[in-house]
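[1] sequence unavailable; structure follows:
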C-alpha cells in the first residue's frame, strides 16, 4: 500500500506542478481538481500503508 500511495502522490504531483515549474502546459480547471483529489488520496494511502508497514499502533 505504501508504494501505491507513493506512486499516486508522485504521479499527480508531477501533473500539478509541471506547468508552473517545468514550463509545460497547465491542466484545465476540472482535471487540475481531479489531480489534486487523487494527490490527497495518494497521501492518505501512503500514510496508511506506512503505519501498517512499521506497525504503528499495534501495541507491540
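    Structure received. The shown structure was predicted, so the numbers you read here are calculated from the model rather than taken from an experiment.
[2] please, where are all the helices along the protein?
    For the chain, the helices defined by DSSP state H cover 2-22, 29-54.
[3] quick one, what contacts the most centrally placed residue in the chain?
    Central residue of the chain (CA atoms, centre = their mean): residue 9, 1.8 Å from the mean position. Neighbouring residues of residue 9 by CB atoms under 8 Å, 6 or more residues apart in numbering: 39, 42-43, 46. Quick note: C-beta positions are derived from backbone N, CA and C, even for glycine.
[4] hmm, residue 27 is touching residue 14, no?
    No: assessed by CB atoms under 8 Å, residue 27 is found out of contact with residue 14, at 11.1 Å.
[5] more neighbours, those two?
    residue 27 (16 against 13; other CB atoms under 10 Å).
[6] confidence score at that one?
    pLDDT, residue 27: 86.
[7] ok, it - contacts?
    15-16, 19, 35.
[8] next one: residue 58 from residue 4, what distance?
    21 Å (CB to CB, to the nearest Å).
[9] more crowded one of those two?
    It is residue 4, of residue 58 and residue 4, that has more neighbours when counted by other CB under 10 Å, with 13 against 8.
[10] check contacts around that one.
    Each residue near residue 4 by CB under 8 Å, 6+ apart is listed here: 45, 49.
[11] for residue 49, see how far away it is.
    7 Å.
[12] how far out from the middle of the chain is the helix or strand bottoming out on mean pLDDT in the chain?
    The weakest-scoring helix or strand in the chain, judged by mean pLDDT, DSSP states H and E, is helix 2-22 (a mean of 89). Its chain's C-alpha centre and that of helix 2-22 lie 6 Å apart, by CA atoms, centre = their mean, to the nearest Å.
[13] which positions in stretch 22-36 come out as buried?
    Neighbour counts over stretch 22-36 (16 or more other CB atoms under 10 Å) mark 27, 35 as buried.
[14] could you measure from the closest residue to residue 39 other than its chain neighbours over to residue 56?
    The shortest distance from residue 39 to any residue other than its chain neighbours is 4.1 Å, reached at residue 12 (CB to CB, 6 or more residues apart in numbering). Going from residue 12 to residue 56 by CB to CB gives 25 Å.
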